[in-house]
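Participant: need the 3D shape of this:
(chains A and B)
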Protein chains: 2
Amino acid sequence: MNFFSPTAEARPQFSDILQAAERIKGKAVRTPLLESPILNEQLGARVLFKPENLQRTGSFKYRGATNTIQALSDEQRRNGVTAFSSGNHAQGVAAAAKEAGIPATIVMPKDAPSIKIRNTRAYGADIILYDRYTEDREAIGQRVSEETGATLIKPYDASLTITGQGTIGLEIAEQAAEMSLQPDIILAPCGGGGLMSGIALASEELLPKTELYAVEPAGFDDTVRSLASGTRETNSAGARSFCDALLSPSPGEITFPINQKLLKGAVSVTDEEVTEAVKLAFGQMKLVVEPGGAVGLAAVLAGKIDIRQKTIIVVLSGGNVDAELFRTILAA
Amino acid sequence: MNFFSPTAEARPQFSDILQAAERIKGKAVRTPLLESPILNEQLGARVLFKPENLQRTGSFKYRGATNTIQALSDEQRRNGVTAFSSGNHAQGVAAAAKEAGIPATIVMPKDAPSIKIRNTRAYGADIILYDRYTEDREAIGQRVSEETGATLIKPYDASLTITGQGTIGLEIAEQAAEMSLQPDIILAPCGGGGLMSGIALASEELLPKTELYAVEPAGFDDTVRSLASGTRETNSAGARSFCDALLSPSPGEITFPINQKLLKGAVSVTDEEVTEAVKLAFGQMKLVVEPGGAVGLAAVLAGKIDIRQKTIIVVLSGGNVDAELFRTILAA
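Facilitator: Got it, this is the predicted structure:
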């Protein structure tokens, strides 16, 4: 096996995020914090967006992928990388591999948005398609890794992935300081928890008073339930959501203990609530946000968290949505 | 009359742009430079976008409006401001006035996108609607100014407006330096020429080797024709385009001499070419760009300017487009 296995790794540390920031510097976009005075007035709060849909490859996943690939040894690079992903991690790994000049094999679900499959291919990766509901992507990814010697880059449950995503927390803290504001709350989308736990590690160090909330799609609220029960819960196999980026089966082995320790809570939102959020991001923020990327905003709009008079950072995690679905959402 | 009349003003200078940058600091968003490796590869060039659709109020117009209002005397502030605008300048002035705590009266065409009218109203401005094809907005704006004593903030033909927009050129130069790149070409949308001439004044000082091109909608190519003839030409009254932000009748009295001196050239694009650009900004850049904001990208995609192997900055000037039109564009 040629991947960074959970057991072989130490728990990621804040110092690893600083290292990650060095590795991704000049490669990843330092996405701005954006706000709408009209929206602030409507909500009676100050809401700032961290638009990772504007990141290279259209999602935050590029950060963790670049951090991991830049940390590989020369020998590891020669054998290339592989990844399993619903699409955003796929594009992140494919783009980061291309920039490093190494081969990438990506395992993607057949029903991933076509824009995600198309772009992953455009970055020059080999693609293996599988059935999300009957096949085990992790097993396919590990088989590729064993056959080719490629390093498996896990989508969330790996230290370098987590600390790469954690650079978002670092930037939020820096940008908040530049703008002389103290965030009361940070909301981030949560699938396997890589983004959330990375932000939490940065926030623990730099914004210790800020309350963190993970946001999940209804039916995929494994983190909500795991935080309540204290153990890693699994989603029902029959659950469906159009938030294709957030359909992981359960919290990660590495990510969950971090989130359990550092989060204030987690909430879930329905596809209808996400639809309103995508529409608002279009109309007020001029941002194309995919459903899974908009769950944090959906939680704010649906009043899932009390934000009155507070300063809120909402991470918009990606924008890879097919035109057809986007048209349907705008017409809803 | 209570407006900054052309004859009363000196030609705007580069130093005025530095002053403008101080006035808008902490108010306007310093929009990032964004690029897509996939698009760069497709075009055989390095194309960086300056996304002013992410500016407060969804367009660059907020810069000039804020610069003007922040420069008003206490007495001028008491009497408020007025403006005539197809919508983006309207929102910019309304928002800047609200932030300064002064009243604003805005004269807008009846057929402006409803999102622009709605948002201008949301900023608390009084709105007077007129018929774009039969009434003279300049006359209405001047009447309001005379009746109320409000200062008329012209949409492009005024020094403080031009130098406010010129802060975009300043930021492009700063950001290019930060990224160690030398822009070969800057493309910007051109209606009355305020944005273009402001950028040109900054570029003359900071990026003297960079070639500047104005881009206009077909049928509204008054700057193209004026540069060719050497005199300010007027558009045909029967011309139509869905680039509602760029339908000014002719180049400005102040803006044209600047553009005449400093531009390398000007080109025009059809609505069909703009449609492709809006779609690409959606799919690759995750940005909501209105038709008039996308003409620069349209010129690049349609091959109107030779960009091979070059570094190009494309200003995306606004994102205030109705959902219905955006849906139509995505389906085209």
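
Participant: for the stretch 201-332 of chain A, what spans make up the strands?
Facilitator: If DSSP state E, counting those that start in this stretch is used as the criterion, the strands of the stretch 201-332 of chain A fall at A:211-217, A:265-269, A:311-316.

Participant: of all the ones you listed, which lies closest to chain B?
Facilitator: Proximity to chain B, assessed across the strands of the stretch 201-332 of chain A by CB to the nearest CB, is greatest for strand A:311-316 (9.4 Å). C-beta here means a position set from N, CA and C on the backbone, and glycine is covered the same way.

Participant: mean confidence for stretch A:31-43?
Facilitator: On average, the pLDDT along stretch A:31-43 is 91.

Participant: that older thread, export the strands of the stretch 201-332 of chain A to CSV and tack on distance to A:Ser159, mean neighbour count and mean pLDDT?
Facilitator: CSV is the format used below for these (distance: least, CB to CB, whole Å; neighbours: other CB atoms under 10 Å in any protein chain shown; pLDDT from 0 to 100):
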stretch, distance to A:Ser159, mean neighbour count, mean pLDDT
strand A:211-217, 19, 27, 98
strand A:265-269, 22, 23, 98
strand A:311-316, 20, 27, 98
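
Participant: okay, these in CSV with distance to B:Met196 next?
Facilitator: Shown next, in CSV, are the strands of the stretch 201-332 of chain A (distance: least, CB to CB, whole Å):
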stretch, distance to B:Met196
strand A:211-217, 42
strand A:265-269, 43
strand A:311-316, 31
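
Participant: quick one, which of these gets closest to B:Arg63.
Facilitator: Closest approach to B:Arg63 among the strands of the stretch 201-332 of chain A (CB to CB): strand A:311-316, 24.1 Å.

Participant: neighbouring strands - and their directions - for that closest one?
Facilitator: strand A:46-51 (parallel), strand A:185-189 (parallel) (DSSP bridges).

Participant: single out the most deeply packed of those strands.
Facilitator: Compared across the strands paired with strand A:311-316, strand A:185-189 shows the largest average neighbour count, a mean of 28 (mean count of other CB atoms under 10 Å in any protein chain shown).

Participant: then that one to CSV, C-alphas only?
Facilitator: C-alpha atoms of strand A:185-189 as CSV (Å, rounded to 0.1, in the frame of the first residue of the first chain):
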residue,chain,number,x,y,z
ILE,A,185,-19.2,32.0,14.0
ILE,A,186,-17.7,30.1,11.1
LEU,A,187,-20.0,27.8,9.1
ALA,A,188,-18.5,25.2,6.7
PRO,A,189,-20.0,22.4,4.6
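
Participant: contacts for that strand, please.
Facilitator: Applying CB atoms under 8 Å, 6 or more residues apart in numbering or on different chains, the contact partners of strand A:185-189 are A:169, A:172, A:195-196, A:199, A:203, A:207, A:210-216, A:243, A:245-246, A:264, A:292-293, A:295-296, A:299-300, A:305, A:307, A:310-315, A:317.

Participant: ok, now which ones touch the residue nearest to A:Leu330 when sequence neighbours are not counted?
Facilitator: Distances taken as CB to CB, 6 or more residues apart in numbering or on different chains place B:Ala323 nearest to A:Leu330, at 4.4 Å, with adjacent residues excluded. By CB under 8 Å, 6+ apart, the contact set of B:Ala323 is A:279, A:282-283, A:330-331, B:115.

Participant: same check, this time on A:Thr223
Facilitator: Neighbour list for A:Thr223: A:190, A:193, A:196, A:214, A:216, A:251, A:256, A:259, A:266 [criterion: CB under 8 Å, 6+ apart].

Participant: can you name the two of those that sit furthest apart?
Facilitator: The most widely separated members of those, counting by CB to CB, are A:Glu216 and A:Phe256 (13.0 Å).

Participant: skip the chain neighbours and tell me the closest residue to the residue of the stretch 151-300 of chain A found nearest chain B.
Facilitator: At 3.2 Å from chain B, A:Lys286 is the closest residue in the stretch 151-300 of chain A, using CB to the nearest CB. Leaving aside its chain neighbours, A:Lys286 sits nearest to B:Gly319 (3.2 Å; criterion: CB to CB, 6+ apart).

Participant: ok, so of the contacts of B:Ala323, who is nearest A:Ala83?
Facilitator: Distance to A:Ala83 across those (CB to CB) is lowest for A:Phe282, with 29.9 Å.

Participant: the spatially closest residue to that closest one that is not a sequence neighbour: neighbouring residues, count only.
Facilitator: Excluding the flanking residues, the one nearest A:Phe282 by CB to CB, 6+ apart is B:Val288, at 5.6 Å. The number of residues packed near B:Val288 is 29, by other CB atoms under 10 Å in any protein chain shown.

Participant: what are the buried residues along stretch A:227-246?
Facilitator: Neighbour counts using 16 or more other CB atoms under 10 Å in any protein chain shown place A:227, A:232-233, A:235, A:241-246 of stretch A:227-246 among the buried residues.
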